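>>> What shape does this take:
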Amino acid sequence: MKYMALAVFLLFAAISPQMQAQDHGISATASKKGTQAKRSATSQKDKSMSKIEKSDSEWRKILTPEQFRILREKGTEVAFTGKYYKTDKDGNYRCAGCGNLLFTSKDKFDSGCGWPSFTSPADNKNITIHRDLSHGMIREEVRCAKCGGHLGHVFDDGPQPTGLRYCINSASLDFDASEKK
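The predicted structure is shown next:
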């Protein structure tokens, strides 16, 4: 049974981008011209941003165990349990690891998924997007561009104007209600 699961995973990993687009109910052309084009800037790394690199022991000293599990080990909090999924105050959402500005309240919406959801980042250069093949799925992982911390995933089922839903773990965020962008 283990070998069958491995074979299925390898099969999914080998699917071409065009077939992936078809699996998600969109044509390869629409995928290239549509939401992937909207995200193209977010997948580019800004060379001018100074990167933060720390060892696991250094991260453990500044993060809670839950923050470490999510930001550094790519974990996920249980839906509807995070402290920011229902927050509707004005302010900014920053990376809990490094303080990088990630999202603003003006782009937050209630998607009903149980995690804070945003239509776009505060600035495209503050996040990076990476292909995620874990758990037998093909997804797009969202990371902090400054410290590389795992934030969550982005999906193509959000509201306009972007059509995107950045589904982010509360534990990866700090909220500052005192500032507005």
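>>> contacts, neighbours, all on C-alpha from now
OK.
>>> ranges for the helices of the protein?
Remark: helices assigned in the chain by DSSP state H are 2-14, 17-23, 28-33, 35-39, 56-62, 65-71.
>>> State the distance from the most centrally placed residue in the chain to residue 86.
Centroid-nearest residue in the chain, with CA atoms, centre = their mean: residue 142, separated by 2.7 Å. For residue 142, the distance to residue 86 equals 20 Å [CA to CA, to the nearest Å].
>>> Just list the residues touching the residue nearest to the centre of the chain, thanks.
Taking CA atoms under 8 Å, 6 or more residues apart in numbering, we find residue 142 in contact with 127, 128, 129, 130, 150, 151, 152, 153, 154, 166.
>>> Go again with 7 Å.
By CA atoms under 7 Å, 6 or more residues apart in numbering, the contact set of residue 142 is 127, 128, 129, 130, 150, 151, 152, 153, 154.
>>> Can you give me the separation between it and residue 82?
17 Å.
>>> which ones are touching the nearest residue to residue 74 once chain neighbours are set aside?
Nearest non-adjacent residue to residue 74, counting by CA to CA, 6 or more residues apart in numbering: residue 150, 5.4 Å away. Contacts for residue 150 (CA under 7 Å, 6+ apart) come out as 70, 71, 72, 74, 142, 143, 144.
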